[in-house]
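In: here's a sequence, model it:
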Amino acid sequence: MRKSIYILCVVIVVFALLFFVFNRIVQKSPSETVIAAYTAGNQGKYAEAKKSFSSEFLNFLGGDLRTIAINMSGTWKRNTKNGTMERIEILQEKIQGNRANVYFILYFKDGSKETFNEPLIKEDGVWKITLG
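Out: Okay, here's the model as predicted:
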């Protein structure tokens, strides 16, 4: 009986450790969240990019799916110069508790570049772009 309890405890501890390690590996950093959002937006994958935004940000955009889609497509077209972004260079990532700021440069096909700063918040354990 004691041996069974011991084995059960070991199994539980191993699964807990695996869950913790897996969760840390899969979780994106603030910089990775920004890169994923801008890459998706640049490719016109607005539904995918939307996953990188906080609920506060999405509510600000209008709440209902149609309004959000219209506002997001315009934002992405403007920020990526109609999908002509070539690459992103992360300059700095500052994390302060459950908030972060990512400073980065977008490089475009026409040779121009623009510097941005995106504020992020940790929402349900996941970094999301939010309002500044």
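
In: how far away is D110 from S54?
Out: Noted for D110: a distance of 31 Å to S54, by CB to CB, to the nearest Å. Where C-beta positions appear, they are placed from N, C-alpha and C, glycine not excepted.

In: run through this structure and note the low-pLDDT ranges.
Out: 1, 3-26, 63-66, 68-70 (pLDDT under 70).

In: helices of that one, residue ranges please.
Out: Remark: helices assigned in the chain by DSSP state H are 2-26, 30-42, 46-50, 55-61, 65-79.

In: contacting residues for the residue positioned nearest the centre of the chain?
Out: For the chain, the residue nearest the mean C-alpha position is T33 (2.5 Å; CA atoms, centre = their mean). Residues near T33 by CB atoms under 8 Å, 6 or more residues apart in numbering: 52, 102, 120, 126-129.

In: now rank those by neighbours and give me the top one.
Out: When neighbours are taken as other CB atoms under 10 Å, the top entry among these is L120 (27 neighbours).

In: distance of it from N42?
Out: Taking CB to CB as the measure, L120 falls 19 Å from N42.
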